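# From the sequence below, what's the structure:
(2 chains)
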Amino acid sequence: AQTVTQSQPEMSVQEAETVTLSCTYDTSESNYYLFWYKQPPSRQMILVIRQEAYKQQNATENRFSVNFQKAAKSFSLKISDSQLGDTAMYFCAFRNSGYALNFGKGTSLLVTP
Amino acid sequence: EPEVTQTPSHQVTQMGQEVILRCVPISNHLYFYWYRQILGQKVEFLVSFYNNEISEKSEIFDDQFSVERPDGSNFTLKIRSTKLEDSAMYFCASSEPRDRALNNEQFFGPGTRLTVL
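Numbering: from 1, shown residues only, chains lettered A, B, ... in the order given. Below you'll find the model as predicted:
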């Protein structure tokens, strides 16, 4: 069974600073995909960034980037130049050959002025 | 921008009653999903649906659960006889009709909070 672990239930960062959210996963599969989803307060989850396991290059989307360490089964999310609108719950998720997304428990990020 | 919508936003029911949670996926999407999140726990996959049939389900999705696409727009989750432990936030999601592309983005609705008393 695949598991996804987010070890930081809560984090806070000051506006304009950089923060890294950690995620580890466990799988015996070689081909899979990893995702970070963001859920702002009272809003739906939206995809922030995705990474294919076969790609060595770390994915980047504007201020969001990942540090994908396949051997260590680690997939952390870095948010640069944090903005107040980044305040949200962040979920790491894993998907292999099936349809299901396997989620971690989430990290609640608070960006303060 | 098109969004997945869900109704109602909050449903309160008595134990043993049937509930139907409704979702309107994004119009050109063909893959549909239900997830749930019990308070304080992680989001869990329930079921995926494609071409009018279940394509994958988790062990949570037992005989008490069923899904249906009754018309061209709605996607429903029915819980036949609710239990206290069914209290959770239920999320619907949909994704584009690329052939099971594993990196397909799943677009999520805002959720329905189900409270079973």
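# Ends of stretch A:5-23, what's the gap?
6 Å (C-alpha to C-alpha, to the nearest Å).
# Tell me the buried residues in it?
Neighbour counts over stretch A:5-23 (16 or more other C-beta atoms under 10 Å in any protein chain shown) mark A:6, A:8, A:13, A:19, A:21-23 as buried. Backbone N, C-alpha and C define where each C-beta goes, glycine included.
# any idea of the mean pLDDT in it?
Taken as a whole, stretch A:5-23 has a mean pLDDT of 97.
# which of the buried residues of stretch A:5-23 lies closest to chain B?
Nearest to chain B out of the buried residues of stretch A:5-23 is residue A:6 (C-beta to the nearest C-beta; 8.6 Å).
# Might one say that the closest one is in contact with residue A:104?
Yes: between residue A:6 and residue A:104 there is a contact at 3.7 Å, judged by C-beta atoms under 8 Å.
# what's near enough to touch residue 32?
With no chain named, the answer covers chain A. Neighbour list for residue A:32: A:53, A:94-97, B:102 [criterion: C-beta atoms under 8 Å, 6 or more residues apart in numbering or on different chains].
# To clarify, I was referring to chain B.
Under the criterion of C-beta under 8 Å, 6+ apart, the neighbours of residue B:32 are B:23, B:25, B:48-50, B:67, B:69, B:75, B:92-94.
# In strands, which of the contacts of residue A:32 fall?
Among those, the residues falling in strands (DSSP state E) are A:94-95.
# Could you report the neighbour count for the closest residue to residue A:27 other than its chain neighbours?
Leaving aside its chain neighbours, residue A:27 sits nearest to residue A:2 (4.7 Å; criterion: C-beta to C-beta, 6 or more residues apart in numbering or on different chains). When neighbours are defined as other C-beta atoms under 10 Å in any protein chain shown, residue A:2 has 15 of them.
# Residue A:2 contacts residue A:94, correct?
Yes: because the distance of 5.6 Å satisfies C-beta under 8 Å, residue A:2 is recorded as touching residue A:94.
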